[in-house]
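[1] show me the folded form of this:
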Amino acid sequence: MNILLVDDDLELCALLKRYLERELFSVTLAHNADAGLEEALTGKYQAVILDVMLPGGNGIEILRNIRQRSDLPVLMLTAKGDEMDRIEGLEIGADDYMPKPANPRELAARLRSVLRRNRSADVAEANIILDELSIDIDQHQVSRNNDVLDLTATEFSILCVLAREAGKVVEKNRLAEQSMQRSLTLYDRSLDMHLSNLRKKLGPNRNGDQRIKTIRGIGYIYSPEQGESAA
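    Numbers count the residues shown, from 1 in each chain. Purely as a prediction, here's the structure:
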């Protein structure tokens, strides 16, 4: 699940990001109101963790803007003890609310609860269209130019992780954790083999380039087509 964390507390952000990524969430950070709202409306995220007090704006106003355009699940954070902030956030449409400093374990549990409650909406928006690929999350199916590809469950999971973060490098061990539900061990080549098979099945894009590229020593990236040929 792709999660957006909007908070100007850099130390807390780093702590929560580390913990949530160990819990198999993919976390993107934004540290001010403008960047947070812009990211939240991109359609890339399954949920937003949103601080009330932010540089350049107020989390309540960001939530109000999100709710005007999207049903994206939002969990609010605040360092303030003002009950009115909590009530206003919930009235506007926050899915849950936690005081700061947030306990990472409790935050992860509440986030999963929010996502479970919104699962029907997530499924309706689950399909991914990327270049000439269509990824149907609900049907567990990938098509290229309307031809269904024969992917294994693991190959499908790997592609979903990379496609959701198209254009971004996904660190190798995080990719293994999110797609295979385990960390890699020393000399473990299983992920590399799955990726090799996946590349062959996907074939090159319309520019003749590999869709999935290796970033040596770091991980992998799904590289979307550029220019007029991009989907």
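[2] residue 108 - nearest residue in space that isn't next to it in sequence?
    residue 23 (4.8 Å; CB to CB, 6 or more residues apart in numbering). To be clear about C-beta, it is placed using only N, CA and C from the backbone, and glycine gets the same treatment.
[3] what about that neighbour, how many neighbours?
    Residue 23: 17 surrounding residues under other CB atoms under 10 Å.
[4] cool, residue 49 as well?
    Neighbourhood size, residue 49 [other CB under 10 Å]: 28.
[5] following the helix or strand bottoming out on mean pLDDT in the chain, which helix or strand comes up?
    In the chain, the helix or strand scored least confidently by mean pLDDT, DSSP states H and E is helix 119-124, which has a mean of 48. Using DSSP states H and E, the helix or strand that directly follows helix 119-124 along the chain is strand 128-130.
[6] and that following strand, which strands flank it?
    strand 133-136 (antiparallel) (DSSP bridges).
[7] gap between the nearest residue to residue 96 once chain neighbours are set aside and residue 192?
    Of all residues not flanking residue 96 in the chain, residue 75 sits nearest, at 4.6 Å (CB to CB, 6+ apart). As judged by CB to CB, to the nearest Å, residue 75 and residue 192 stand 36 Å apart.
[8] who has more neighbours out of the two?
    Shown here are residue 75 and residue 192; by other CB under 10 Å, residue 75 has more neighbours (23 against 13).
[9] tell me the domain ranges of the chain?
    2-122, 128-229 (automatic domain parsing).
[10] in this structure, what spans have low per-residue confidence?
    Across the chain, residues meeting the criterion (pLDDT under 70) sit at 80-83, 117-126, 226-231.
[11] where do the strands of the chain begin and end?
    2-6, 26-30, 47-51, 53-54, 57-58, 74-78, 96-99, 128-130, 133-136, 141-144, 147-149, 170-171, 212-215, 219-222 (DSSP state E).
[12] still on that earlier bit, quickly compare the domains of the chain and say which is most buried.
    domain 2-122 (a mean of 17; mean count of other CB atoms under 10 Å).
[13] ok, the residue nearest to residue 96 touching residue 90?
    No: Residue 75 lies out of contact with residue 90 (CB atoms under 8 Å); the separation is 11.1 Å.
[14] quick check: neighbours shared by those two?
    residue 97 (CB atoms under 8 Å, 6 or more residues apart in numbering).
[15] now do the same contact list for residue 128.
    With CB under 8 Å, 6+ apart, residue 128 has these contacts: 134-135, 137, 160, 163-164.
[16] output the residues you listed as a markdown table; include the columns distance to residue 30.
    A markdown table is the format used below for the contacts of residue 128 (distance: CB to CB, whole Å):
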| residue | distance to residue 30 |
| --- | --- |
| 134 | 29 |
| 135 | 26 |
| 137 | 25 |
| 160 | 23 |
| 163 | 22 |
| 164 | 17 |
